[in-house]
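Colleague: got a predicted structure plus its sequence, pasted below:
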There are 2 protein chains.
Amino acid sequence: MSGTASSESGARGRTRRAILSAAARVLARDRTATLADIAEEADVGRSTLHRYFSDRQELIEAAVEDAFGRIEQAVRDAAPDQGPPLEAMRRLVAAHVDVGEQLVFLFGDPQMLETHTKEGLRDRPSAAENTMVDLIRRGQAEGVFDPEVDVEWIQQVLWALVYTGLEAAAQGLLPRHGVTATVIRTFENGIHTRGRDAS
Amino acid sequence: MSGTASSESGARGRTRRAILSAAARVLARDRTATLADIAEEADVGRSTLHRYFSDRQELIEAAVEDAFGRIEQAVRDAAPDQGPPLEAMRRLVAAHVDVGEQLVFLFGDPQMLETHTKEGLRDRPSAAENTMVDLIRRGQAEGVFDPEVDVEWIQQVLWALVYTGLEAAAQGLLPRHGVTATVIRTFENGIHTRGRDAS
DNA sequence: CAGATCTGGGACATTGATGTCCCATCATGG
DNA sequence: CCATGATGGGACATCAATGTCCCAGATCTG
């Protein structure tokens, strides 16, 4: 079976998902983690892991694709094309924080995306990316977002701030429940004193 | 200087610096780089590298300390305690962009700072950090910076934005000479439409 | 020039991760 | 209850990185 019929159903699919999830979790923490580490985190024997992914390369590619999918799902759920741009953007930030683990995994290492992204994703313009670009353009058109700054830059900044917020929370610098609000505030107003409409 | 008499002078010191610089450059690009890679980048035999740093651990610790020193020097040169806070902050951002290579090396991998930072730096409160905290406080007191946001958060955001700007430049998304201006603009105003005083 | 020092490169043992194979065990479904 | 399939763990060969040692040539120094 070539499709998803066998890769999602029953015990087989559950083990597969457990491994992929564990891989993202462990690799987000330590990029040099061993396959044994990943297997342990997934509560699975190392040989079982090899049964599902013959290669380290193969495992990582699958984990990347999986994480990508989860992020796109979260972005879709945020409905960035609905309502006022500012509110949509806030939902988008919250959505990104929710999939923080996947974000840290994917974007914590630039090599991750460049190396393990051959055919499956390089061509597909990544729905999430497009939706965000659309949202930013819409916000710029309505005069809510700075129209002089490059769209892709804004996108990168969003990712960077979410990433930073998550790390700050991990270090105890920020309360975990305050990450979204802080990121939004900084994202919208920077560090200037004018944040009267950010709460 | 306690034992720096022999480690800074003449050919010996120059080779040492070449290795440290190469290490930072290569490891910023690829954290899993081999000692052979580093030696090659430094135009030095692998055995020579081992002569200067017996351990991989030792090399990395030295490289971390070296990078740290360069960053602190750049921060000092920016004189963050002089003049209006806003202008001082802009000088500070420019200074950080200048030592971008070191920043990417040090902060590109959270593990880098946590793992390779035993005694030499953990206790020392890192002059750079203190100066920046002072500056931010000063700016908050004078009403230029948002007083409701945590100081350390602002610091992290600065690092994150500089890092993002450098990566964007590396990807060709941003012209290299525009990094500083773009980072400053975003840092100060976020993405809102109000950036009239950012140029 | 002569001795001391530094250097590059090769040979080598060691170590840890990886990938393969096999077998005993356990669960699951027919 | 039995058969099929999934799992865990061990044994094993392989490979790349690491660290050590040594030697011959280059460079610096007095």
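Modeller: Ah, there it is.

Colleague: near DNA strand C, which residues of chain A show up?
Modeller: A:11, A:34, A:35, A:36, A:46, A:47, A:50, A:54, A:55, A:56, A:57 (CB under 7 Å from any atom of the strand). C-betas here are computed from N, CA, C, even on glycine.

Colleague: and of those, the nearest to residue A:69?
Modeller: Closest approach to residue A:69 among the residues of chain A next to DNA strand C (CB to CB): residue A:57, at 18.8 Å.

Colleague: in terms of helices and strands, where is the residue sitting nearest the centre point of chain A?
Modeller: Geometric centre of chain A, nearest residue: residue A:103, 3.0 Å, by CA atoms, centre = their mean. Under the criterion of DSSP states H and E, residue A:103 resides in helix A:100-107.

Colleague: just residue A:57 next, same as before
Modeller: Assigned by DSSP H and E, residue A:57 belongs to helix A:56-77.

Colleague: next SSE after the helix-or-strand element of chain A with minimal mean pLDDT?
Modeller: The helix or strand of chain A with the lowest confidence, counting by mean pLDDT, DSSP states H and E, is helix A:5-8 at a mean of 49. Using DSSP H and E, the next helix or strand after helix A:5-8 towards the C-terminus is helix A:10-29.

Colleague: return the set of buried residues in that following helix.
Modeller: A:15-16, A:19-29 (16 or more other CB atoms under 10 Å in any protein chain shown).

Colleague: give me the mean pLDDT for that helix.
Modeller: Helix A:10-29 carries an average pLDDT of 91.

Colleague: contacting residues around the next helix or strand after it?
Modeller: As assigned by DSSP H and E, the chain's next helix or strand after helix A:10-29 is helix A:35-41. Here helix A:35-41 makes contact (CB atoms under 8 Å, 6 or more residues apart in numbering or on different chains) with A:19, A:22-23, A:25-27, A:30, A:45-46, A:48-50, A:56, A:59.

Colleague: still on that earlier bit, mind putting the buried residues of helix A:10-29 into JSON lines with distance to chain B?
Modeller: What follows is the buried residues of helix A:10-29, written out as JSON lines (distance: CB to the nearest CB, whole Å):
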{"residue": "A:15", "distance to chain B": "28"}
{"residue": "A:16", "distance to chain B": "26"}
{"residue": "A:19", "distance to chain B": "22"}
{"residue": "A:20", "distance to chain B": "22"}
{"residue": "A:21", "distance to chain B": "21"}
{"residue": "A:22", "distance to chain B": "19"}
{"residue": "A:23", "distance to chain B": "17"}
{"residue": "A:24", "distance to chain B": "16"}
{"residue": "A:25", "distance to chain B": "15"}
{"residue": "A:26", "distance to chain B": "13"}
{"residue": "A:27", "distance to chain B": "12"}
{"residue": "A:28", "distance to chain B": "10"}
{"residue": "A:29", "distance to chain B": "9"}
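
Colleague: what does stretch A:16-25 contact?
Modeller: With CB under 8 Å, 6+ apart, stretch A:16-25 has contacts from A:7, A:38-39, A:41-44, A:49, A:52-53, A:59-60, A:62-63, A:66-67, A:101-102, A:105.

Colleague: whoops, I mixed them up, stretch A:53-60
Modeller: A:19, A:23, A:27, A:35, A:38, A:49, A:52, A:62, A:112, A:116.
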